[in-house]
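Colleague: Fold the following, please.
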Amino acid sequence: MARLGGRMRQWVRQIGLGFMLAPVAAPGLAQGWEAPARGSELRADLMDAIRPHAEWMLGAPVEFVVNDLRVRGDRAVAMLVAQRPGGGVIDVARSPMVARGEFAPEIADIAHIEAFYVRSGRTWVALHWAIGATDPWFAWEPICAEFGALIPEYCR
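Modeller: This next block holds a predicted model:
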């Protein structure tokens with residue numbers, strides 16, 4: 001019986017340690033969202049959904065540095081920086097969006113992107129997105145109504 005009690009105490013300690021470390025190991029789980037792992041199919045699907053928009057605005061090809069990526073159910077949010085393959089910096093001033101008069105290059109010189117996604121069937125769609133925004137444009141009631149659980153620090 002004493003042996004079983006020792007095992008029980010060890011098991012309880014391990015479970016307790018797991019609960020204490022869970023927010024550190026996966027901070028999104030404590031908030032009710034997950035952060036898709038690098039190399040995962042979900043992460044690739046989300047990047048592929050924003051890529052055509054980024055390439056239209058910034059020129060192809062682009063890849064992304066993921067600063068933050070959150071998924072909850074059929075909603076997702078990404079905070080990204082677009083770059084050329086291999087880490088090349090995108091010259092925003094020479095981008096197609098500037099050439100077409102769709103963006104003033106003095107606003108931002110870094111190709112950062114905020115994207116808000118909805119899953120439609122098996123496909124992720126970049127529903128709302130912005131490149132080079134200078135303020136948190138998404139801290140707005142209609143966006144917060146749909147995505148607030150993913151960005152509680154902006155939607156209060």
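
Colleague: From here on, just use CA atoms for contacts and neighbour counts.
Modeller: Noted.

Colleague: List the buried residues of stretch 135-142.
Modeller: 138, 139 (16 or more other Cα atoms under 10 Å).

Colleague: do the same with stretch 65-80
Modeller: Buried, per 16+ other Cα under 10 Å, within stretch 65-80: 66, 69, 70, 71, 72, 75, 76, 77, 78, 79, 80.

Colleague: Give me the distance between that stretch and the centre of its chain.
Modeller: 2 Å (Cα atoms, centre = their mean, to the nearest Å).

Colleague: what's next to it, contact-wise?
Modeller: 28, 32-36, 64, 81-83, 112-120, 147, 150 (Cα atoms under 8 Å, 6 or more residues apart in numbering).

Colleague: Which of those residues are buried, as a PyMOL select command?
Modeller: Buried members of those, defined by 16+ other Cα under 10 Å, are picked up in PyMOL with:
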select buried, resi 28+33+34+35+36+64+81+82+83+112+113+114+115+116+117+118+147+150
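
Colleague: Dump stretch 64-82 to PDB, restricted to CA.
Modeller: Backbone C-alpha positions of stretch 64-82 (Å, rounded to 0.1, in the frame of the first residue of the first chain) are rendered in PDB as follows:
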ATOM      1  CA  PHE A  64       6.900  35.000 -44.500                       C
ATOM      2  CA  VAL A  65       8.400  35.500 -41.100                       C
ATOM      3  CA  VAL A  66       5.700  34.600 -38.700                       C
ATOM      4  CA  ASN A  67       5.700  36.900 -35.700                       C
ATOM      5  CA  ASP A  68       2.400  35.500 -34.400                       C
ATOM      6  CA  LEU A  69      -0.100  32.900 -35.600                       C
ATOM      7  CA  ARG A  70      -3.300  32.000 -33.800                       C
ATOM      8  CA  VAL A  71      -6.000  29.500 -34.700                       C
ATOM      9  CA  ARG A  72      -9.300  28.900 -32.900                       C
ATOM     10  CA  GLY A  73     -11.900  26.700 -34.700                       C
ATOM     11  CA  ASP A  74     -12.600  28.200 -38.100                       C
ATOM     12  CA  ARG A  75     -10.900  31.500 -37.500                       C
ATOM     13  CA  ALA A  76      -7.200  32.500 -37.600                       C
ATOM     14  CA  VAL A  77      -5.000  35.600 -37.200                       C
ATOM     15  CA  ALA A  78      -1.400  36.100 -38.500                       C
ATOM     16  CA  MET A  79       1.100  38.800 -37.900                       C
ATOM     17  CA  LEU A  80       3.800  38.400 -40.600                       C
ATOM     18  CA  VAL A  81       6.600  40.100 -42.300                       C
ATOM     19  CA  ALA A  82       7.000  39.400 -46.000                       C
END
